[in-house]
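**Student:** Structure here, sequence nowhere to be found:
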């Protein structure tokens, strides 16, 4: 069966997160989106964990349900610790098979930071020790480094990360079987680093509000079984891992270098020419994902042979909003969105499967045109930088060429 899995998100108990990120809203919006399996997020938070226990029913296959929606127990933790003369700030995702295992993980992690303070707890615990403790508790768990290229809190982050997997995880690297690409990078950027050949590249939304669910996800062809899904990740089973759903990475808020205070966006080449400092004020530039990939890459952009494919998408609400000249979340946009989802089954059914002729039966013609352009990669993007999301345009100059600012990249379709 086709599974669309989004395993990294946050509950209402995380900072800067919608109060609607509760079990009921997650169930509702996963139904609208067409997400088969969703992470719980934040299982370290005592109040959220109590809510999960009360509302989720365990299956016999290591997953949980609320009504018809399937959940997996997940959390993102922030590991902040000194190593090699620098302060490291690394975010890691933990997947767990049961509440009993979660209780044991939480008992250990509580020694290194307050689990009540935030849904994504800050821990004074090195990443290698995190992996060691979690895998000692249960080898059925998985630790996945999160959004591995973002500047501030990631494995390869320019400001607080490392230059290699083994530098971060030491001898525990043997347990690292997957890495999350993050919104500001896509698979071809990661393929340029040969050490990532040994791991499976996964994609998740890191959603802080229900409407952002599924903006990145994993598409699998396997049973709804915790151990089978982790086996697919661990063994890089390309017969079962069909493809990932990706943001256009330029839309991510750390794709390019830049200085937000001066509203300055720089390509890697421009940053080098400026000596790493803002040409306007002279302060250091925030080095983004493209520059970091360029710095660590040991191969040129290559072919996709033998790789898990991917597909770049734009959320349906954003397509509708631009088509109608409105903002996402406004009345007219939501009305069109709900009508399409109701008639065609789900947002992913519209984005991935529905023939344009079927969409045209229910949607404004300009929405159909926008969907076609997105599927063909005919979009214009001004890349994000220094915490500012990229500006994506479907209709402004999109007839001329695909994906301006960056070369067109290989995709599934």
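**Tutor:** In hand now; what should we look at? Fair warning: this is a prediction, and the values are worked out from it, not measured in the lab.

**Student:** The residue lying closest to residue 36 once chain neighbours are set aside: what secondary structure?
**Tutor:** Closest residue in space to residue 36, ignoring its immediate chain neighbours: residue 3 at 4.5 Å, by CB to CB, 6 or more residues apart in numbering. Quick note: C-beta positions are derived from backbone N, CA and C, even for glycine. At residue 3 the chain is in strand, as set by DSSP: H, G, I helix; E, B strand; the rest coil.

**Student:** Can you give me the pLDDT of residue 3?
**Tutor:** Looking at residue 3, its pLDDT reads 98.

**Student:** Run a quick neighbour tally on it.
**Tutor:** Counted with other CB atoms under 10 Å, the neighbours of residue 3 add up to 22.

**Student:** contacting residues around it?
**Tutor:** 36-37, 218-222, 224, 229 (CB atoms under 8 Å, 6 or more residues apart in numbering).

**Student:** Of those, just say which sits nearest to residue 86.
**Tutor:** Minimum distance to residue 86 across the contacts of residue 3 is 32.2 Å, recorded for residue 218 (CB to CB).

**Student:** Got phi/psi on that closest one?
**Tutor:** Torsion angles at residue 218 (phi, psi; degrees, to the nearest 10) stand at phi -120, psi 130.

**Student:** Residue 205 contacts residue 214, doesn't it?
**Tutor:** Yes - contact criterion CB atoms under 8 Å: residue 205 and residue 214 qualify, at 5.8 Å.

**Student:** Overlap of the contact sets of those two?
**Tutor:** residue 6.

**Student:** And these two? Which one has more around it.
**Tutor:** residue 214 (29 against 25).

**Student:** Against residue 299, how distant is the residue nearest to that one when sequence neighbours are not counted?
**Tutor:** Spatial nearest neighbour of residue 214, excluding adjacent residues (CB to CB, 6+ apart): residue 33 at 4.4 Å. Residue 33 sits 35 Å away from residue 299, going by CB to CB, to the nearest Å.

**Student:** Neighbour count for those two, which is higher?
**Tutor:** Using other CB under 10 Å as the criterion, residue 33 and residue 299 rank with residue 33 on top: 27 against 10.

**Student:** contacting residues for the more buried one?
**Tutor:** 4, 213-214, 346-348.

**Student:** please redo it, this time with the cut-off set to 10 Å
**Tutor:** 4, 6, 205, 210-215, 217, 315-316, 341, 346-349, 351 (CB atoms under 10 Å, 6 or more residues apart in numbering).

**Student:** The residues you listed in strands, which ones?
**Tutor:** Counting by DSSP state E, those place 4, 6, 217 in strands.

**Student:** of these, closest to residue 251?
**Tutor:** The closest of these, once distances to residue 251 are taken by CB to CB, is residue 217, at 15.6 Å.

**Student:** Any figure for the gap between the residue nearest to residue 36 and residue 286?
**Tutor:** For residue 3, the distance to residue 286 - CB to CB - is 36 Å.
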